[in-house]
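*Asks:* structure for the following, please:
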Amino acid sequence: MIAPSDQLARDHALTRHDRTLLIEAGAGSGKTAILAGRVALMLAGGIPARSIVAITFTEAAASELSTRIRSYVNMLADGGAPPPELAATLAEGLSDEQLDHLDNARDELDELTCTTIHGFCRRLVGPYPVETDSDPGAGVADPITARLILQDTVEEWLRDHLGEANDGFLVELVQHDAKQAVKLIGELAETMCDHAEVRPPQVTDLALVRQAVAVTITAFIEHVRAGRFHVAEVEAVVQDMEALLDALPTNDPKSLLRFLELGGGNVLKQDGDFKVFKLKGKYEAAAGANGCTRQQAGEAYIAAQARYAAAAEAWPALRAEAASTMLAGLMREASLAVGQYHLRKRGSALLDFNDLIHKARALLANDEAVRRALSARYRHVLVDEFQDTDPHQAEILWRLCGEADPEAPDDWTKRVLRPGALFLVGDPKQAIYRFRGADIATYVRSRDTIGAADPDALLSITTNFRSRAGVLDYVNTCFEEGLGAEGQPGFARLEARRPDRNAGPTVARLIVECDEEAKMDEARAREAGAVAELCASLLTSHTVDDGRGSSRPLRPRDIALLAPTGAGLHAYEEALEALAIPVSSQAGKTFWQRQEIQDMIALTRVLADGRDGLALLAFLRGPLVGLTDEELLDLNWQLPPDERAPGWPTRLNVNTPLEHVRHPLAHDVLERLQTLRRYAATTTPHHILAQAVEHLNIRPLLRQRHRRPERALANIQAFLELARPYRVRGLLQFAAMAESSWEDSERAVEGRADVQEDTVALVTMHASKGLEWPVVIPINTMSSPKGQENAFVDRRDMRLYRTVLGAKPRGFDEAIAREETQAGFERQRLWYVATTRAREVLIIPWVKVKDSGRRWREAVPLMVEDLSEFEVNGASARTPVVSEVIYNEQARDVFSEQAQAIAELSARRKWARPSRDEGSGDEPPEAAEAAAGMEILRFLEADTDEPLEASPQGGRLRGTVLHKLLEEVLTAELTEDPAAVESRARQLIRILGHEPSEDPAHGLAPAELAATVMRALALPEVAELRPGLEPELSVFALNELGDGREEVVVGVADAIKWAPDGTAEVVVDWKSDVRPSSRALAKYVGQVRDYLAATGAKHGLIVLATVGRCLRVSA
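*Replies:* All right, here's what the predicted structure looks like:
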């Protein structure tokens, strides 16, 4: 067999153990074999296993590499044929001495370090607790636990900081928007933990910038004031300019916040930037009134416009400086919370992943004696996926494997690497993990450093053993120019090793017809249907190489659909399932929206809080139990009255005595739940939930319910794993987190099934790295990438940029442009990864929608027009049957007759909302008033000797607050104390966006509202109903009106008094009217009667809280 063209580079990589090398290994070139082979041959050369370190990107990759090393060592030590990957290099075999070394190395392989960079850093710092200022027994917190500790620390710090008499940037921001302020400080703390050296944007002298703006604004004002040309609109601009002059910020936080909130008016747009000065027409129109010609008016406009433009030009710099100052102040305060976080970890004897990196780096940089000891211990370091490293990780490697340059002892890039100490393997064309901190600039810098010291230390391996020649030719053509451009790490053409045995195209296109202006959902649905048909055709007519020189039929597991983003992938799943093609998704991020997860959330809430009846009903109603609404209603109505709350309806919960539950399935489930709840407080959340999954047979139920249950089962396991970090916080905290994640529709990756299914793989391009399939189909590429975040760290100078109240700090636009450029480069590399996953066939779907310049498919020139069309085999592709076109021969009179028949048979439904409509009767108000009878007249004519203390201001807001106060008193959320009610009223008024008033005639007065509540509750008619009076109940009823007419009553009754037998007895309606008219009272009577009819109650009570009167209503 002819050796690959890069065989010499492979030989050097495997055998030159005395040289430090950087290997650029292209896609499919067998870099794992090179790493494992080099380690095996190092052991054969007598190098001790304990001195070798192999660092990989993930734990899974470390396990695979360790297994491969052990396999190679055993094969070579046994004296048999070398592994195929090493055959060319070991054509002459191994010497007896090498075989002896390998035989001895078998027993020492456990001493070889094969781990991730974080695992290696832990080995570095572990023996040196004093030098690294760590607890000797410190454990490592996983990312979820570390995040929870940080959140708890920030919350505690906020309570302490805001609870004291502090001022500052955070306090002012909390007063402006508490929710956003708390979110911002948490995000800042998280960023500062991830990037220890992060700095705020550059801040200069705010006073100087302020002065420059003040000069330009003053110049405009003085010019207009001094002129003899007066325009009303310009005068309004001047007045706003004067207000801006007074609002120019100082370094005081309150002043900065007030300034950044500016927006709207005659000068500023809503976003705070200057409007364009377009008043030339106004000047010309005012020429006559000012005794000027149109030419003079135009000249006056130009002069004013020039001064206005000067102010507009200077203004953004002041906003940017104010935002920078504000952000810098917030970061200083957030650093206090970060300090508390580090103290808390130290007190808990914990390190997070960032600590491992920073402590290892500091240890090697600051303690030369320790560095020398570690350097002697780990003599040979091999690193896989080096393109995904960051500056700190690279510095650790250079300090460990090199000696300082006397002329630049602090510059790690100038260190002289020891021969054979460092072996780096990577492919910069596959650098796609920038969002995780990987920095391609660090790779390029390291490559340049090694190349400057020894140009021969840079080796390139380009022979591809994975893909057919046609696929590689396409990849080389598409990416050579883009990946070779300035800003990219360079491009090396891949050389094919596999011959093209199969007939047919290796790269083809699939044109999908679609309206050019179609919405994304429609375009995605059309592509999904076409791709599903394509897969069906492939599965019935295509063959692939079986790896033994022959071919076999294509199976579902041989096809991969690679998506650049996880959005909208359910369309592809549904299209494949519609054609009975099995699919497994590893790209979905709808974890919290999956039905099995929602069932688990309900189960968790039930076990965490026995009073949570809503969660219990949701669990019983869900597919794991499957009770109907009617069965749940029967369960509730069969419960006896609760002696502890006479008059209140009994609600089903997990603590309900089993003898009261007659439904056999509900009885069985409730018995199991009660058993689990007895142990919930004595064990960890993970353990009790795992027991619940077993006792409730959740896994067997999912297997029975789903045709392919692996996805649901993987999600259940992932949910259980999420509970592990809550072993101290408890089940209640985990339930709150899960519920919050569901309510916020948080995006989270679904669980991955461990089994190898015979299914079409639906994965993201990121997740496809390191994998391969015979057929690869990129999908969803007509979608657009997510826009650049408004908060990011510029890696060039480690400055944090984010908008503050919509204002951009200094340097934001330049920094975000650099970020967007790098994101564009990474999208090209992501496409390279996706296309090089294909072994046999690469098919590019192309949906005919208009390009926008921002679509994923526009990141690289895919040259779709040069590709041949992939022919879908319609005869065997399981295409849907299209029905024969049927022409409508129905005449107009026949249509009218049938329409009339349908109308007569259809129910005519009328919706009545008593609370909104104030009565649902068909009579006019006068008739309704007459129907109310003499009772209303007697009520209005009754004398009262107790006039209102003041004439309060009525209206909807006052009624809203009054109803809320009465509700909270009846539910015991609010104590029935005038002072407490007044305090709560003041709070509710502010929540509604108003300021409390002392005078009820001029606004919402808390004291008057409290007095009204106390007056209403003290009325004898109300007091006698208090036991068993339940507030705010939803009411639904369906009334048959005859002649095919129906009335649906939907509303919320203010309060209902329940009889001992559980039936509604009295409906209470609170009214806040100051002086109700007879017309209004008649409407209220109609409203209450609607509620009486809907609930079956015999009596109603209208309580006029403001005047302290009650009106009884009978059914």
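*Asks:* what's the distance between residue 371 and residue 395?
*Replies:* Using CB to CB, to the nearest Å, one gets 12 Å for the distance from residue 371 to residue 395. C-beta here means a position set from N, CA and C on the backbone, and glycine is covered the same way.
*Asks:* neighbour count: those two, which is higher?
*Replies:* Between residue 371 and residue 395, counted using other CB atoms under 10 Å, the more crowded position is residue 395 (21 against 18).
*Asks:* let's see the helix or strand where the more buried one lies as CSV, backbone CA atoms only.
*Replies:* Under the criterion of DSSP states H and E, residue 395 resides in helix 391-401. C-alpha atoms of helix 391-401 as CSV (Å, rounded to 0.1, in the frame of the first residue of the first chain):
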residue,chain,number,x,y,z
PRO,A,391,-4.6,32.1,27.5
HIS,A,392,-4.6,30.9,31.1
GLN,A,393,-4.4,27.3,30.1
ALA,A,394,-1.7,27.9,27.6
GLU,A,395,0.3,29.8,30.2
ILE,A,396,0.1,26.9,32.6
LEU,A,397,1.6,24.6,29.9
TRP,A,398,4.3,27.0,29.0
ARG,A,399,5.3,27.6,32.7
LEU,A,400,5.3,23.9,33.4
CYS,A,401,7.2,22.8,30.3
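*Asks:* between residue 371 and residue 395, what contacts are shared?
*Replies:* Residues touching both residue 371 and residue 395 (CB atoms under 8 Å, 6 or more residues apart in numbering) are residue 365.
*Asks:* what ranges does the stretch 251-400 of the chain have for its strands?
*Replies:* 350-351, 380-383 (DSSP state E, counting those that start in this stretch).
*Asks:* out of these, nearest to residue 118?
*Replies:* strand 350-351 (9.9 Å; CB to CB).
*Asks:* need the contact partners of the closest one.
*Replies:* Residues outside strand 350-351 that contact it (CB under 8 Å, 6+ apart): 122, 134, 138, 139, 140, 141, 145, 146, 149, 345, 359.
*Asks:* in its sheet, what does that strand sit against?
*Replies:* Note on strand 350-351: by DSSP bridges, its sheet partners are strand 139-140 (parallel).
*Asks:* please work out which residues outside the strand it pairs with touch it.
*Replies:* With CB under 8 Å, 6+ apart, strand 139-140 has contacts from 118, 122, 349, 350, 351, 352, 353, 356.
*Asks:* stretch 306-326 too?
*Replies:* So stretch 306-326 is contacted by 169, 200-204, 206, 209-210, 212-213, 216-217, 219-220, 223, 237, 241, 248-249, 251, 253, 256-257, 259-260, 272-274, 277, 803-805, 807-812 (CB under 8 Å, 6+ apart).
*Asks:* drop anything exposed from those.
*Replies:* 169, 200-201, 203, 206, 209-210, 213, 216-217, 220, 223, 237, 241, 248-249, 253, 256-257, 259-260, 272, 274, 277, 804-805, 807-812 (16 or more other CB atoms under 10 Å).
*Asks:* is it possible to export the strands of the stretch 251-400 of the chain to CSV including distance to residue 324, mean neighbour count and mean pLDDT?
*Replies:* Formatted as CSV, those follow (distance: least, CB to CB, whole Å; neighbours: other CB atoms under 10 Å; pLDDT from 0 to 100):
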stretch, distance to residue 324, mean neighbour count, mean pLDDT
strand 350-351, 33, 22, 93
strand 380-383, 38, 23, 97
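*Asks:* identify whichever of these lies nearest to residue 623.
*Replies:* With CB to CB as the criterion, residue 623 lies closest to strand 350-351 of the strands of the stretch 251-400 of the chain, at 40.2 Å.
*Asks:* next one: the closest one to chain centre, how far?
*Replies:* 27 Å (CA atoms, centre = their mean, to the nearest Å).
*Asks:* same check, this time on stretch 1063-1082
*Replies:* Counting by CA atoms, centre = their mean, stretch 1063-1082 comes out at 47 Å from the chain centroid.
*Asks:* may I have that stretch exported as CSV, CA atoms only?
*Replies:* Only the C-alpha atoms of stretch 1063-1082 are listed here, as CSV (Å, rounded to 0.1, in the frame of the first residue of the first chain):
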residue,chain,number,x,y,z
THR,A,1063,-73.1,24.1,48.3
ALA,A,1064,-73.0,27.8,47.7
GLU,A,1065,-75.2,29.7,50.1
VAL,A,1066,-74.6,33.4,49.6
VAL,A,1067,-72.7,35.4,46.9
VAL,A,1068,-71.1,38.6,48.1
ASP,A,1069,-70.3,41.5,45.7
TRP,A,1070,-68.1,44.3,47.0
LYS,A,1071,-68.7,47.7,45.4
SER,A,1072,-66.6,50.8,45.9
ASP,A,1073,-69.1,53.4,44.5
VAL,A,1074,-69.1,56.7,46.4
ARG,A,1075,-72.7,57.6,45.4
PRO,A,1076,-74.4,54.8,43.5
SER,A,1077,-77.4,55.7,41.3
SER,A,1078,-80.5,53.6,40.9
ARG,A,1079,-79.4,52.7,37.4
ALA,A,1080,-76.1,51.4,38.8
LEU,A,1081,-77.8,49.5,41.5
ALA,A,1082,-80.1,47.8,39.0
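*Asks:* lowest average confidence, helix or strand, in this protein?
*Replies:* Scoring the helices and strands of the chain by mean pLDDT, DSSP states H and E places helix 925-931 at the bottom, with a mean of 43.
*Asks:* I'd like the next helix or strand past the helix or strand where residue 677 lies.
*Replies:* Here residue 677 sits within helix 664-680, counting by DSSP H and E. Next in sequence after helix 664-680, counting helices and strands by DSSP H and E, comes helix 685-695.
*Asks:* list the buried ones in the helix or strand following that next one?
*Replies:* Per DSSP H and E, the first helix or strand lying C-terminal to helix 685-695 is helix 698-705. Neighbour counts over helix 698-705 (16+ other CB under 10 Å) mark 698, 701, 702 as buried.
*Asks:* same check on stretch 959-971?
*Replies:* Buried residues in stretch 959-971 (16+ other CB under 10 Å): 959, 961, 962, 963, 964, 965, 966, 967, 968, 969, 970.
*Asks:* check contacts around residue 39.
*Replies:* Going by CB under 8 Å, 6+ apart, residue 39 touches 52, 54, 69, 72, 112, 382.
*Asks:* please name the nearest non-neighbouring residue to residue 510.
*Replies:* Nearest residue to residue 510, sequence neighbours excluded (CB to CB, 6 or more residues apart in numbering): residue 845, at 4.5 Å.
*Asks:* the one you found: which element?
*Replies:* Going by DSSP H and E, residue 845 is part of strand 838-847.
*Asks:* which is the succeeding secondary structure element to that strand?
*Replies:* Beyond strand 838-847 toward the C-terminal end (DSSP H and E), the next one is strand 868-869.
*Asks:* which residues sit against that next one?
*Replies:* Against strand 868-869 from outside (CB under 8 Å, 6+ apart): 505, 508, 509, 510, 511.
*Asks:* quick one: buried ones out of the residues you listed?
*Replies:* 505, 508, 509, 510.
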